[in-house]
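Enquirer: After the sequence you'll find the predicted model.
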Amino acid sequence: MTAVPGARRRVGSPVAQPALYGALALAALFAGWWLATAIPGVVSQRVLPSPLDVVARFFFLAVEPFSGTTLEGHAIASLTRWLIGVLVALGLGIPIGVLLAWLPPCRAAITPIFELLRYIPPFAWVPIAVLWFGATTTTQALIVFIAAFPACVINTQLGVSQVEPILLRAAKTLGAGSWTTLRRVVLPVAAPSLFTGVRIAFGNGWMALVGAELVVGKQGLGFLISQGQINDSVATIFVGMIAIGALGAAIDVLLQRAQRVILPWKTASVRPLE
Amino acid sequence: MSAPRTVAHPSPPQSRLVRSRAGESTLSFWRREQGPFAWLATAVSFTAACIALWWFVTRPGGAVSPLFLPPPMDVADAFMRLLARPYLGSTLGQHIASSLSVVIGGWLAAGLAGLPLGIAMGWWRKARWIAFPIFQLLRPIPPLAWIPLAILWLGIGDSARIFVVFIAAIVPWVMNSMQAVYSIDGLLVRAAMTLGANDRQILTRVVCRTALPTLVAGARIALGNAWTTLVAAELLAATSGLGYIALNASRTLETGILLVAMAIIGILGACFAIGMQLLTRLVAPWAST
């Protein structure tokens, strides 16, 4: 583009501009953080550690055991409990969701109790779970289960109930029984909704696990940050929070990739953020 | 000789599925939609059966000890006791008021900060480019993970609770408001421009109105987040409130009071959800849900 009087020259291609602004904003944030801790007197070291302290703490925790085991050990302990809880929630939630959508008498019977129990936040079950099972993995897996179960059931129920009736009638015309219709028509058609439910359940389960580990347990990322609080080490808390956030984001990204592989016909319905 | 029997078609197999008088459904009983009376009857009888099972299992000499699951009468007694006498320094009403004030206060504060920010991020590109990466970094961190930090910075008490509730609520407010404004049909905006509206009029009269259902949905999610986080914060860092009651009841093994606290938490959560649905219908009656 040659010079036109009054025209501004574009800086970079259109794709790079948002990334540029974003990178500058993050850099400014980190610079502000570092400055706040570098200038003595502005913020005490106890309240906000400098970014370098946090990085150093991360490497320290990766090799030295803290409150039982290294960072990796805590992360694996958390992931194990989370996996147990969400798999049980999937295994129970999807069949129950299908049942609720497929058989109206069951729906009439179960929905009131389900709705009553659904509004109790998963974390409110922690005291009674500790009473029942003590401070063991079962307690935390139970909290993860309680967090993940409603999302599975509701989304599965929604997906199955939104299968077009004409498809069901077509299957019946071709002679399919109830079971065959479920297996070969309903489940594939409802699969995108099911998968959305799975994603939400996985995310909810992870958040609930962190909370449960704050209260009970001798290992895990939630335990790590509560120990950081007890030992007055904000850097440990930061490392723990970043690890929790990073793992949660990684789980979601993995699920999105899996969705694209398993359900390739489901296209994005929202305008991608530019 | 017997009369010749002409059998034009083989008689159809007797099947429950195909017994139809005029107007009756051909589906089996289990697949048929129920009328409202049958629905209510099923619901009530099943719930009553569950309560009967509960009573049966926890009766003296039953399978479950009262420590693990108190009988229904004990729970009712605990509720009466909580209503009658103060527990841990405040009456039940004061505890509920304490919890409610923190959650509503934190939610409204997050809305006041988050709603304009979200709308700005949805409307102006530069604002989005700057602020969105920061929120993308903050979003994966569960609100509960902020609690130890809040305890360290603010100590145990009201400020820690409000801080955590604020953080829990602001992310949905901002992200949903941004998405609401961002996904408005460009056609509407261009139509308004054609009719001569300037930027401010488009923003107030087209964008905000069209985005209203999604904005209220964002508010609803924020309130749900805030309530869940409040319960957690009260279990860890509070001196009054429903979570605090639950925590102490579990420590002193008063399981009846614990169950009552859980039930009240659940009922309040349900009230919030229903309240937000009514608000949606009030503010944006044209929204489909």
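Expert: Ah, there it is. Residues are numbered from 1 along each chain as shown, chains lettered A, B, ... in the order given.
Enquirer: what about the most centrally placed residue in chain A, helix or strand, and which?
Expert: Centroid check for chain A by C-alpha atoms, centre = their mean gives residue A:203 as the closest residue, at 2.0 Å. Under the assignment given by DSSP states H and E, the secondary-structure element containing residue A:203 is helix A:187-215.
Enquirer: can you give me the offset of that helix from its chain's centre?
Expert: For helix A:187-215, the distance from its own C-alpha centre to the chain's C-alpha centre is 7 Å (C-alpha atoms, centre = their mean, to the nearest Å).
Enquirer: outside of the lowest-mean-pLDDT helix or strand in chain B, which residues touch it?
Expert: Lowest mean confidence among the helices and strands of chain B (mean pLDDT, DSSP states H and E): helix B:199-201, at a mean of 81. Taking contacts as C-beta atoms under 8 Å, 6 or more residues apart in numbering or on different chains, the residues outside helix B:199-201 that touch it are residue B:192. All C-beta atoms are positioned from the backbone trio N, CA, C, and that covers glycine.
Enquirer: in it, what counts as buried?
Expert: Taking 16 or more other C-beta atoms under 10 Å in any protein chain shown as the basis for neighbour counts, none of the residues of helix B:199-201 comes out buried.
Enquirer: low-confidence ranges in the chain?
Expert: Chain wasn't specified; assuming chain A. Counting by pLDDT under 70, the low-confidence segments of chain A come to A:1-15, A:41-43, A:45-46, A:266-274.
Enquirer: I was thinking of chain B, sorry if that wasn't clear
Expert: Counting by pLDDT under 70, the ranges of chain B that qualify are B:1-25, B:287-289.
Enquirer: Now do the helices in it.
Expert: Counting by DSSP state H, chain B forms helices over residues B:36-57, B:72-84, B:92-123, B:125-138, B:147-154, B:158-182, B:186-194, B:199-201, B:208-236, B:242-251, B:255-283, given from the N-terminal end onward.
Enquirer: export these to JSON lines and tack on distance to residue A:60?
Expert: Supplementary listing: these in JSON lines, determined by distance: least, C-beta to C-beta, whole Å:
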{"stretch": "helix B:36-57", "distance to residue A:60": "51"}
{"stretch": "helix B:72-84", "distance to residue A:60": "47"}
{"stretch": "helix B:92-123", "distance to residue A:60": "35"}
{"stretch": "helix B:125-138", "distance to residue A:60": "23"}
{"stretch": "helix B:147-154", "distance to residue A:60": "18"}
{"stretch": "helix B:158-182", "distance to residue A:60": "27"}
{"stretch": "helix B:186-194", "distance to residue A:60": "51"}
{"stretch": "helix B:199-201", "distance to residue A:60": "52"}
{"stretch": "helix B:208-236", "distance to residue A:60": "26"}
{"stretch": "helix B:242-251", "distance to residue A:60": "33"}
{"stretch": "helix B:255-283", "distance to residue A:60": "39"}
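Enquirer: Spell out which residues of the stretch 51-200 of chain A are next to chain B.
Expert: Taking C-beta under 8 Å from any C-beta of the partner chain as the measure of proximity, the stretch 51-200 of chain A contacts chain B at A:102-105, A:108-113, A:115-117, A:119-128, A:130-132, A:178.
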